[in-house]
Every structure is written in C-alpha cells, then in structure tokens.
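Asker: Sequence and predicted structure below; questions after.
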Amino acid sequence: MRELSVDRIREEVKRLCIEGAYILEEDVQSALKSAFEREVSPMGREVLTQIIKNYEIALEGVLPMCQDTGIAVVFVEIGRDVRLDGSLEDAINQGVREGYEEGYLRKSVCHPITRQNTGDNTPAIIHTRITEGDRVKIKVALKGAGSENKSRLKMFNPTAGVDAIKEFVVDTVREAGGSVCPPIVVGVGIGGDFEKSAILSKEAILRPIGTPHPDEDIAKLEEEFLEEVNKLGIGPMGFGGTVTALAVHIEVYPCHIASLPVAVNIQCHADRHKEVVI
Amino acid sequence: MVDYPRKKGQPRGMDFKRITPPLTEEIVEGLRAGDKVFISGTIYAARDQAHKRMFELIQKGEPLPFDIGGQIIYYVGPTPPREGMVIGSAGPTTSSRMDEFTPALLKAGLKATIGKGARSSEVKEALKRFKAVYFVSVGGAGALLSQRIKKAEVVAYPELGTEAIRRLEVEDFPVIVAYDMYGGDLFKEGVEKYRKV
Ligand code: SF4
C-alpha cells in the first residue's frame, strides 16, 4: 500500500486549474499556428492572429485566456494500491475552490433552477476510476459553456451505420456555427449506453491533438470526419474559412445489440486541459 | 513563429475603420458586414440577467439604468481583476441568448451590440428597422480584448457580480461587422465562399 495525502491532490488540482486558464497546452498552440498557416480566408487569418496573440498574452500569467474559465471537469484514475487519508471528492473541490480564487478565475457555477451562484466554482464534475498500480492520474479540463451548450447526444438504431453517425457529427458542427469559438476540437463518443457515450465524447476531447486513436480503423474515421467537418466552410469564429476543426477524436465502447448511442462534445479553441501523475 | 500580417513597428490596424459612440445614423450607414472596426470611447457591458431586467423595465415603461440612445452593448462577463487592474479577461459571450430582449432595446435607441455567433431573424429584422449593427469580437480572446479596456465601472445591478452592468472605456477595441443595417450577413456570405458540401 502506498499512503497518499489528499492534501497533495488538493494542491495538484488547484495548480492544474490555474495553469489551465493561463497556459495553453503545446498541442493546442501548435495546432492553432498550423491552422493559421493553412487558413486561406483573410478574415479567418485575422481571427487566428488574434487568437494566437491572445494565448501569448495569457502565457504571461496575468490575464486568463478566456473570461469563461469554465466548470472544472476532473477525471481521476486511482491505482488500487493507493491509500488516501481523507475524502477524494472534498480534496478535489477544495483544490478547485482555491484555484479559482487564487487564480482570479470567474466563478461560473450556479444552482440549475434558482441560478444562485455557488460562489466558488464548486462542485466540480468528477469521474473516478480504480486502476492497477499505485499511481494517481488527474486530468482537469476547464469547460466553457459556449461550446458545451452545442453538444448533442442521439440514440441511433443499431442498423444506422457509419454514414448516419458522420452526418450527425457534421450536422452538430453546422448547427453550432460560430458561437462555439471555432476552430474547435470535436469529441465523439460511440457506443456504451446513454451516459457512457457522453463521457466517452468528453474523454475524446481530452486526448492531445495530433494523437490519433490507437485503433487504425477508428483513426481513419477520425480523419474522414475531420475532412467532412472542414468542408462546412464555417471557419474561425464562423466568418467562413477552411479550418473549422483542428481535430476530430473518436472513442468507442461496446453497446447493446439493440442500441447505438452517439454523443458529440464540442471543445472551443480555448482548449484547456492539463494532467498530472502522482 | 507565426507570420503575422502586421509586422512589428507598423501602426496598428491600417485596414480598420474607427468609430466612437454614441453612434449616429450616418456612422451606422457607413458600416458593412465584413468591415473591421476599432471602437474607442464608452461602451456598456451587460449579459443575460441584466437583459432580463432591462427588458422588464421597458415593458413596465420605466427608465433604464443608463441612457441607451446611440450606445453599444457588449455581451461580456469578465473574470475578476487583479489588484491595480481595471478588469480581468473580457471576451464576448454567445449573443443568441440575448435575442429575445434585443429588438426592444434597439427600439429604445440602442445602436449596436457586440457578442459572438449568429442571431435570430427577429434581431436581423430589428437591425434593419431601427438602423443598427451587430459586431462580433473574437471569442476566447479575453486577454487581448481586456488590454483594450482602459476603465470599468459598475453602473447597475452590482449584486449580479460578473453579470452587473458596467460602463467601459475602450481604446482601439477590435470588432468585425457581422450584420449591417442593410441585411448583410458575414456568417452567411463568408461560409458560402468556403463551403464544399
Ligand atoms: S466557447 Fe470557449 S473560447 Fe469561446 S467564450 Fe466560451 S470558453 Fe471561451
């Protein structure tokens, strides 16, 4: 057994929240730069110029790259040989609380009906899994509402096939248009059940850009979907252009013979994801 | 390194039009979908909850918390400022959530709004009818846009926190005309040009 203090988890979650808001990960930085090289629309290039300048300003650590610093989505994998000395959820929420306060981030979490703000951006959305070994892996995404709001889920007939899935993905991106702050990353969860497909789609956007799915057939689908999405011509901020999406990531999971759930989660260019292994 | 269209030392925004509110009809007439514009002067920040309240005031025939004649409303909910700073990160939020309230505000004299994304046909019609314009600033560029805001002061509903109405003094605040008063629509026109399906 490896003893681990939940205080360490709180500390790391806090750091990941703050760094997430200010320091855009390398994979997204280089994807945006290469989007600028590829984009042919002059207005698209103007928008990308501002987007790149913007994350460079944020890197200085004074102003968060986007004012919507999101709701914190936390994926935790805990090795079964780890023994924690306290509540995992409390530690994560305390980390979020401190990160959003000390990092000057916007508190955007409220009661769903009264709309009363919780005041500290908690509770976080937490997904936990027990794995082998004695490590703890924490992934944090700061998820803004502009792109999250345009995500969709559909329960297909099992006979629908790949083309129907593709059409659904492309339609979702078309409907989303410019309000989701393109260029975007499209996360697609195929299979599982209702909620599993949604979680898969979120895990898909957390995969670094430039890392195709390990299964070659799925990787091929990712390329195919990306090409289709970019044919839409939506472009940066929806002003028209050749780069609508930076990537399409697909995750799959077996499902019931009678169903085919598909979830599409949209991630804006302020693609804030960080991870650490303790 | 990215090859920026503008080289260092070159003055900012040679291809930008420059405007200062309050906006007259002549200024609005001169703006076309696709124009890049720098705004300098006073604009007002308001989003969901403030819109709901202003809309209710108009319905009850009561005065609004500020004189909106010729003014520009920016849909923004900034991050908290650090000590000694005017405002935190301050990029646009999705405009369509304000659509149901916007025609009434345009009727009351509002001349422009700034946000992101497409809007309803009712808003587009109201822009034509009341001779007004819809700007988009780059979503997610909150740090860059924040640096163009020189002053910020809460003028109404402080209890709404980030959603309070603020008066902002801006300098060379970069926006793009998305809808003009002639029915011009940059989203539609732009996407048409690059669509391959
Ligand atoms: S969609 Fe993303 S980049 Fe755009 S405002 Fe929301 S969080 Fe920021």
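Answerer: Structure's in. What do you need? Here the structure is a predicted model, which means the values were calculated and not measured.
Asker: Can you name every helix or strand that the longest helix along chain B contacts?
Answerer: Longest helix in chain B, counting residues (DSSP state H): helix B:48-60. Packing partners of helix B:48-60 (3 or more C-beta pairs under 8 Å, 6 or more residues apart in numbering or on different chains; DSSP states H and E): helix B:102-107. Where C-beta positions appear, they are placed from N, C-alpha and C, glycine not excepted.
Asker: what sits up against the helix it packs on?
Answerer: Outside helix B:102-107, the residues within contact range by C-beta atoms under 8 Å, 6 or more residues apart in numbering or on different chains are B:51, B:54-55, B:58-59, B:68, B:73, B:110, B:113, B:119, B:122-123, B:125-127, B:129-130, B:132.
Asker: Need the buried ones from the residues you listed selected in ChimeraX.
Answerer: In ChimeraX syntax, the buried subset of the contacts of helix B:102-107 is picked out as below (16 or more other C-beta atoms under 10 Å in any protein chain shown):
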select /B:51,54,55,58,68,73,110,113,119,123,126,127,130,132
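Asker: and the contacts of helix B:102-107, which of them are in strands?
Answerer: B:I73, B:T113 (DSSP state E).
Asker: buried stuff in the helix or strand hosting A:V229?
Answerer: Assigned by DSSP states H and E, A:V229 belongs to helix A:216-230. By 16+ other C-beta under 10 Å, the buried positions in helix A:216-230 come out as A:I218, A:L221, A:E222, A:F225, A:L226, A:E228, A:V229, A:N230.
Asker: correct me, but the first one touches A:I250?
Answerer: Yes - shown here, A:I218 and A:I250 form a contact pair, counting by C-beta atoms under 8 Å, at 5.4 Å.
Asker: Strands of the stretch 51-200 of chain A, residue ranges please.
Answerer: Secondary structure of the stretch 51-200 of chain A (DSSP state E, counting those that start in this stretch): strands located at A:71-79, A:82-84, A:125-131, A:136-143, A:152-156, A:184-191.
Asker: Just the local confidence number for A:E39, please.
Answerer: Looking at A:E39, its pLDDT reads 96.
Asker: how close does it get to A:V264?
Answerer: Remark: distance between A:E39 and A:V264 (C-beta to C-beta, to the nearest Å) = 23 Å.
Asker: who are the neighbours in contact with B:E189?
Answerer: For B:E189, the contact set (C-beta under 8 Å, 6+ apart) comprises A:G240, B:A33, B:G34.
Asker: Please repeat the previous calculation with a cut-off of 10 Å.
Answerer: A:F239, A:G240, B:A33, B:G34 (C-beta atoms under 10 Å, 6 or more residues apart in numbering or on different chains).
Asker: now the last one, what's its secondary structure?
Answerer: Read it as B:G34. coil (DSSP: H, G, I helix; E, B strand; the rest coil).
Asker: cool, the second one as well?
Answerer: The three-state label for A:G240, taken from three-state DSSP, comes out as coil.
Asker: what does chain A put close to the ligand?
Answerer: Residues of chain A lying close to the ligand (C-beta under 6 Å from any ligand atom) are A:C66, A:D68, A:G144, A:G146, A:S147, A:V180, A:C181, A:C268, A:H269, A:A270.
Asker: To A:V28, which of the strands of the stretch 51-200 of chain A lies closest?
Answerer: Nearest to A:V28 among these is strand A:184-191 (8.2 Å), distances taken as C-beta to C-beta.
Asker: Rounded mean pLDDT for that closest one, please.
Answerer: Here the average pLDDT along strand A:184-191 is 98.
Asker: and it with chain B, contact?
Answerer: No - using C-beta under 10 Å from any C-beta of the partner chain, strand A:184-191 never reaches chain B; the gap is at least 10.5 Å.
Asker: Sheet partners, orientation included, of that strand?
Answerer: Its sheet considered, strand A:184-191 pairs with strand A:245-253 (parallel), strand A:260-267 (antiparallel) by DSSP bridges.
Asker: just to revisit the earlier point, so what sits against both of A:I218 and A:I250?
Answerer: A:V188, A:I190, A:P212.
Asker: give me the low-pLDDT residue ranges for chain B?
Answerer: Residues of chain B meeting the criterion pLDDT under 70: B:1-13.
Asker: the strands in it, which residues?
Answerer: Using DSSP E, strands in chain B cover B:17-19, B:36-45, B:72-74, B:112-115, B:133-136, B:149-156, B:165-179.
Asker: can you count the residues close to A:K202?
Answerer: 22 (other C-beta atoms under 10 Å in any protein chain shown).
Asker: now it, what's its secondary structure?
Answerer: Classified using three-state DSSP, A:K202 is helix.
Asker: returning to what we had before: just tell me which of the strands of chain B ends up closest to A:T118.
Answerer: Nearest to A:T118, of the strands of chain B and by C-beta to C-beta, is strand B:149-156 at 21.6 Å.
Asker: Helices of the stretch 51-200 of chain A, start to end?
Answerer: Counting by DSSP state H, counting those that start in this stretch, the stretch 51-200 of chain A has helices at residues A:88-102, A:145-148, A:161-176, A:194-206.
Asker: Name the residues of the third one that are buried.
Answerer: It refers to helix A:161-176. For helix A:161-176, by 16+ other C-beta under 10 Å, it's A:I165, A:K166, A:F168, A:V169, A:V170, A:T172, A:V173, A:R174, A:A176.
Asker: picking up where we left off before, if you rank the shared contacts of A:I218 and A:I250 by neighbours, which is first?
Answerer: A:V188 leads these on contacts (other C-beta under 10 Å) with 27 neighbours.
Asker: how much space between it and A:K53?
Answerer: Taking C-beta to C-beta, one finds A:V188 at 31 Å from A:K53.
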